[in-house]
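**Q** Requesting a structural model of the entry that follows:
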Amino acid sequence: LWEAGVGTAEVGTDRPPTADDQFLVASNTKTFVATMVLQLRDEGRLDLQDRIADHLPGLAHDLTVRDGLSHVSGLQREPVGEVWVTLEHPDADALLAGAGDAERVLRPGEQWHYSNLVFALLGQVVARLDGRPWEQSLRARLLDPLGLTRTTVGFDGGPQAHGYYVPPWHDVPVPEPVLDLRATGPAGALASTATDLARWSGFVAGPDPDVLDPATMAEMARPRAVVDAEGWQRTMGLGFFLVRSPGGRVLVGHTGGMPGHVTGVFTDRESGVGAVVLMNASTPPDPAAFAAELVDLVLDRDPPEDEPWRPGTEVPEALAPLLGRWYAEGSPWDLVVRRGELEARSPAWPEHRPSWTFERLDDDTLRTTSGGERGELLRVVRGDDGGVDGLRWATYRMTRAPLGFGERG
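**A** Residues are numbered from 1 along each chain as shown. As a prediction, this is how the structure comes out:
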């Protein structure tokens, strides 16, 4: 862990913030709520294709849980009313009543469109299915199991950073109000510390299977919607942003903004390196860009040591005839065995790019478990003598020699 506090936690004290000061982490809350939704999915208590209205009777809109998690539902951004003008947020009854009047500003799936309202509704889904307030579910499902003792709804009364707005025409900070988000809380009510969020970043990199199936976190961290259609540097998974660092790394996390607090937590899941940026000002630099730069600095200047090569113990008999170079659609693929499992890679790929992997279903059938053909079958075609005559990958022919589509080998 490396940490540094710059500036002041409270104007007039000159005390720099520490890793144990709470900040309002705002929309970083969404990553916790999304994780609870996926826990419920894994428990069989909802499906991502369910309509949110299936779990919130009386809700008029037919948006799905999956679209809500990825911000492609098309529902308006905020609860009905002017909550960021009055600074008064609805309770649960008012939230649900007002949601019926919320506007569908885009067609489902048409475009990424951020919606605090949708995440407030997802928090209500968690509460309904768990039979308790979402805050209690959060404590039981994530905070207590992960030891996040200073992550709370609102400030907990301990050390904290006070939020300020610095106007453009002078340098005298203006204290910002602390809001009660009430039923909008699942969209952004949490306060936390750098210490807790570093632990959360570690969980995002490698989840405890007793809390969340690692395959589910991988599912949440896959791109589902392009955020910046012009730059193609940010996408959205299920409750998590994916951003590309200046060094080309894909980082998973979220940003957050509340009056006087702007934050970002981003993790390179491949290396396990994460960056937590907490700022107690309303208009600071981009926290995602700041965090991405920190991750690059760590990995470029202090890269992790390569894992030592270790010899395998055996080549399974059924896989031995498959090894070597094959051609599909005229392009070469190399099939190799690593630690007893079949892998495929293009010889044109850079060394650092991971191979695509398979699981054996039987001696003649494998399923692709990673890469662009994930989920597709690889089938062995045998000749009259029982030997391997060819392969079919996602139904495409694979041959030992490069052949055109209609050419016979």
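
**Q** Helix or strand: which one has Arg385?
**A** Quick fix: residue 385 reads Asp, not Arg. According to DSSP states H and E, Asp385 maps onto no helix or strand at all.

**Q** Correction: the previous question concerned Arg128.
**A** With DSSP H and E as criterion, Arg128 is part of helix 116-130.

**Q** Mind listing what's buried along that helix?
**A** 116-127, 129-130 (16 or more other C-beta atoms under 10 Å). Backbone N, C-alpha and C define where each C-beta goes, glycine included.

**Q** between the residues you listed, which is closest to Glu43?
**A** If you rank those by distance to Glu43 using C-beta to C-beta, Leu129 comes first, at 9.0 Å.

**Q** Next, Val298: secondary structure please.
**A** helix (DSSP: H, G, I helix; E, B strand; the rest coil).

**Q** Could you pull up the contacting residues of the residue nearest to it when sequence neighbours are not counted?
**A** Sequence neighbours aside, Val273 is the residue nearest to Val298 in space, at 5.3 Å (criterion: C-beta to C-beta, 6 or more residues apart in numbering). By C-beta atoms under 8 Å, 6 or more residues apart in numbering, the contact list for Val273 reads 267, 295, 298-299.

**Q** so what's Val273 bridging to?
**A** Here Val273 sits in beta bridges with Asp268, as judged by DSSP bridges.

**Q** Next one: it from Thr235, what distance?
**A** 20 Å (C-beta to C-beta, to the nearest Å).

**Q** Also Asp208?
**A** 26 Å.

**Q** Between the two, point out the one with more neighbours.
**A** Thr235 (20 against 11; other C-beta atoms under 10 Å).

**Q** Apart from its neighbours in sequence, what residue is nearest the more buried one?
**A** Per C-beta to C-beta, 6+ apart, closest to Thr235 is Pro223, 3.8 Å.

**Q** which secondary structure element contains the one you found?
**A** Pro223 belongs to no helix or strand, assigned by DSSP H and E.

**Q** That one against Arg234, yeah?
**A** No. Pro223 sits out of contact with Arg234 when judged by C-beta atoms under 8 Å, with a separation of 9.4 Å.

**Q** ok, how many other residues are close to Cys277?
**A** Careful, residue 277 is Val; it's not Cys. 24.

**Q** That one: what secondary structure?
**A** Quick answer, by three-state DSSP: Val277 is strand.

**Q** OK, contacts around it?
**A** Val277 neighbours (C-beta under 8 Å, 6+ apart): 263-265, 287, 290-291, 294.

**Q** for Ala401, what are its contacts?
**A** Taking C-beta under 8 Å, 6+ apart, we find Ala401 in contact with 327, 409.

**Q** and what of Leu121?
**A** Applying C-beta under 8 Å, 6+ apart, the residues contacting Leu121 are 52, 56, 59, 68, 95-96, 99.

**Q** State the pLDDT value of the residue nearest the centre of the chain.
**A** Centroid-nearest residue in the chain, with C-alpha atoms, centre = their mean: Phe240, separated by 3.2 Å. On pLDDT, Phe240 comes in at 98.

**Q** For it, which non-adjacent residue is spatially closest?
**A** Nearest to Phe240 is Val252, by C-beta to C-beta, 6+ apart, at 5.1 Å.

**Q** Surely Ala291 is in contact with Leu278?
**A** No. Counting by C-beta under 8 Å, Ala291 sits too far from Leu278 to count as a contact (10.3 Å).

**Q** that older thread, redo the contacts of Leu121 as JSON lines? Include distance to Met217.
**A** Output for the contacts of Leu121, formatted as JSON lines (distance: C-beta to C-beta, whole Å):
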{"residue": "Ile52", "distance to Met217": "22"}
{"residue": "Leu56", "distance to Met217": "26"}
{"residue": "Leu59", "distance to Met217": "28"}
{"residue": "Gly68", "distance to Met217": "19"}
{"residue": "Leu95", "distance to Met217": "29"}
{"residue": "Leu96", "distance to Met217": "30"}
{"residue": "Ala99", "distance to Met217": "29"}
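
**Q** Those residues in helices, which ones?
**A** 52, 68, 95-96, 99 (DSSP state H).

**Q** Most neighbours out of these, which is it?
**A** Among those, Gly68 has more neighbours than the rest - 27 neighbours, counting by other C-beta under 10 Å.

**Q** contacting residues for the closest residue to it other than its chain neighbours?
**A** Nearest residue to Gly68, sequence neighbours excluded (C-beta to C-beta, 6+ apart): Val118, at 4.2 Å. Going by C-beta under 8 Å, 6+ apart, Val118 touches 52, 63, 68, 71, 73, 75.

**Q** what's around Glu103, how many residues?
**A** By other C-beta under 10 Å, neighbour count at Glu103 equals 11.

**Q** How about it: what's its closest non-neighbour residue?
**A** Sequence neighbours aside, Gln76 is the residue nearest to Glu103 in space, at 4.7 Å (criterion: C-beta to C-beta, 6+ apart).

**Q** Surely the one you found is in contact with Ser115?
**A** Yes. Contact criterion C-beta under 8 Å: Gln76 and Ser115 qualify, at 6.8 Å.

**Q** higher neighbour count, these two?
**A** Ser115 (23 against 19).

**Q** Now for the more buried one: which residues touch it?
**A** For Ser115, the contacting residues are 68, 71, 73, 75-78, by C-beta under 8 Å, 6+ apart.

**Q** And for Ser27?
**A** Ser27 makes contacts with 116, 187-188, 254-257, as judged by C-beta under 8 Å, 6+ apart.

**Q** tell me which element the nearest residue to it once chain neighbours are set aside falls in.
**A** Nearest residue to Ser27, sequence neighbours excluded (C-beta to C-beta, 6+ apart): Gly256, at 4.1 Å. Gly256 belongs to strand 250-258 when assigned by DSSP H and E.

**Q** who does that strand pair up with?
**A** strand 241-244 (antiparallel), strand 261-268 (antiparallel).

**Q** Output the shortest one in PDB with nothing but the alpha carbons.
**A** Listed next in PDB are the C-alpha coordinates belonging to strand 241-244 (Å, rounded to 0.1, in the frame of the first residue of the first chain):
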ATOM      1  CA  PHE A 241     -17.100   1.400 -15.700                       C
ATOM      2  CA  LEU A 242     -14.200   0.100 -17.800                       C
ATOM      3  CA  VAL A 243     -11.700   2.800 -18.700                       C
ATOM      4  CA  ARG A 244      -8.500   2.600 -20.700                       C
END
